[in-house]
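1. could you look at this predicted model? Sequence included:
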Amino acid sequence: MNAILPMPAITAVRQKEVVLYGTMHSDRFISLCGRLSCIRGLAFNMTSIDQEMLLEDPSRGGVSVNMRKESTTLINSVWKIRYADPPIPDDECPAIVRVSRSYLGITIPDDYSMIFLVTGLGLQFKSRLFSECYVFTRNRVKVIIERQRSCDSATGFQPFSNLYLVTMIAFLDEDEEHLPVARELRTLANELEPIVIMGKTDYGCRIVADADQV
């Protein structure tokens, strides 16, 4: 049995997130990358293979939790734990805005049971997945294109569907005005149409299974 893993004394990073989401059929991937490459100031940044655990905190309704590690390979034991509050109600804002707190640089041994850690933190496990991520950046704006794969299948890492999740996100100081950045994201999102339609629907990591819904 795993002993309780002591959590390091890491101060949480509190930020405001400004986000837009979209989904697209896999046959539009090349077109989207081409469009992004042509937008002034936007540059391809990295490709990574991310492992993610989607969790929930039963003691705090509406708070989503995930544990994620980013790597160019799967050999990496450094995780980030992120708690995200529900979106701030604002019908006039063109993007989702929410406050999150993240704990960065948490090293977890490869042989340690993640489920044991999750339950030790008082969280409930929802699902686990791998994502192939392609990241474009412009200043503090990130555009992330990811193909999500389940790691629970007996046949290996199978895509959930033939859809890609597209996330456009910027991180601000918690007390910073978010509306100018939200407008910037909306303007950038308009440049990606009709390849992908970005909006305030919080897909998160819940890719719909039916490609016909796109």
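-> Noted; the coordinates are in hand. Here the structure is a predicted model, which means the values were calculated and not measured.

2. going forward, measure contacts and count neighbours with C-alpha atoms only.
-> OK.

3. show me where this protein has its helices.
-> 29-38, 114-120, 179-190 (DSSP state H).

4. out of these, which is closest to Cys133?
-> Shortest distance between Cys133 and these, using C-alpha to C-alpha, is found for helix 29-38: 11.8 Å.

5. one step back: how about TSV for the helices of the chain, with mean pLDDT added?
-> As requested, those are exported to TSV (pLDDT from 0 to 100):
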stretch	mean pLDDT
helix 29-38	96
helix 114-120	75
helix 179-190	97
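
6. how about those helices, which one is nearest Gly61?
-> helix 114-120 (17.0 Å).

7. ok, and what's touching stretch 190-206?
-> 19-24, 28, 31-32, 35-36, 94-96, 165-166, 189 (C-alpha atoms under 8 Å, 6 or more residues apart in numbering).

8. show me these that map onto strands.
-> Among the contacts of stretch 190-206, the members found in strands (DSSP state E) are 19-24, 96, 165-166.

9. tell me the one of those residues nearest Ile49?
-> For the ones in strands among the contacts of stretch 190-206, the nearest to Ile49 is Leu165 (14.4 Å; C-alpha to C-alpha).

10. please name the nearest non-neighbouring residue to that closest one.
-> Excluding the flanking residues, the one nearest Leu165 by C-alpha to C-alpha, 6 or more residues apart in numbering is Thr23, at 4.7 Å.

11. so how far is Thr167 from the one you found?
-> 9 Å (C-alpha to C-alpha, to the nearest Å).

12. ditto for Leu54
-> Distance from Leu54 to Thr167, by C-alpha to C-alpha: 17 Å.

13. try Asp90
-> From Asp90 to Thr167 the distance is 20 Å (C-alpha to C-alpha).
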